[in-house]
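> Predicted model follows, preceded by the sequence.
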Amino acid sequence: MPKLSKKAAKEVEKAEAWGVGGGGYLLPEGRYAARLKAVTVGQGPKGEYWAFEWSKLHNEDGEEQRGRQWDNVSLGVKGKLAQVFQGLGYSPDSDTDEMIGEWAVIHLAQEVATQGKRAGNTVNRIVGVTEFDPDEWDFDPDEVGEDEDRSGGAANGESADDDF
């Protein structure tokens, strides 16, 4: 039967527990400054979608928050795509690779997931994306470090594979 070493057990005891099931971090509803980490293409039951992955989230007090957030946007939902492009300051004919590393403000709500691996759990959902104005935030985006590939988050009720 597995058992942590005494040193590892002490480190785990001091660590902050991750949010609700699946390794995701449940954040309070509100506005968060976030940096676009990646855009990937997926295929769902209603067709192709783009998964926008947001990292380096900062709350309105300028404090960095744990985890990442995903927003799966169907290519059939033109208004939502327009919102993301406008929030990042790009036109819809831009290559998404150009947008990686750009800041925007994501607006999070909480809801109970009705399907998928997180069904029945309270999860975050991105309900809006607006432009980032650094003068409105109490942190310097130029001083924010690079992304680390280790934290979880929720993708419209789905968590990405945990990286442990």
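Okay, I see it.
> Hmm, residue 55 and residue 33 touching each other?
No: counting by CB atoms under 8 Å, residue 33 sits too far from residue 55 to count as a contact (11.0 Å). Every C-beta, even on glycine, is put in place using the N, C-alpha and C of the backbone.
> out of the two, which sits in the busier spot?
Counted by other CB atoms under 10 Å, residue 33 and residue 55 do not tie: residue 33 has more neighbours, with 26 against 21.
> Report the contact partners of that one.
Listed by CB atoms under 8 Å, 6 or more residues apart in numbering, the contact partners of residue 33 are 56-58, 103-105, 132, 137, 139, 141.
> Mind doing that once more with 10 Å?
Counting by CB atoms under 10 Å, 6 or more residues apart in numbering, residue 33 makes contact with 54, 56-60, 62, 64-65, 103-106, 132-134, 136-139, 141, 144.
> Need the buried ones from those residues selected in PyMOL.
To isolate the buried members of the contacts of residue 33 in PyMOL, using 16 or more other CB atoms under 10 Å:
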select buried, resi 54+56+57+58+59+65+103+104+105+106+132+137+139
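> Which members of the contacts of residue 33 are positioned in strands?
With DSSP state E as the criterion, strands contain 54, 56-58, 103-106 from among the contacts of residue 33.
> And residue 101, how close does it get to residue 93?
Using CB to CB, to the nearest Å, residue 101 is found at 19 Å from residue 93.
> Beta-bridge partners for the most centrally placed residue in the chain, please?
In the chain, the centroid-proximal residue (CA atoms, centre = their mean) is residue 69; its distance is 1.3 Å. Beta bridges link residue 69 to residue 54, residue 154 when assigned by DSSP bridges.
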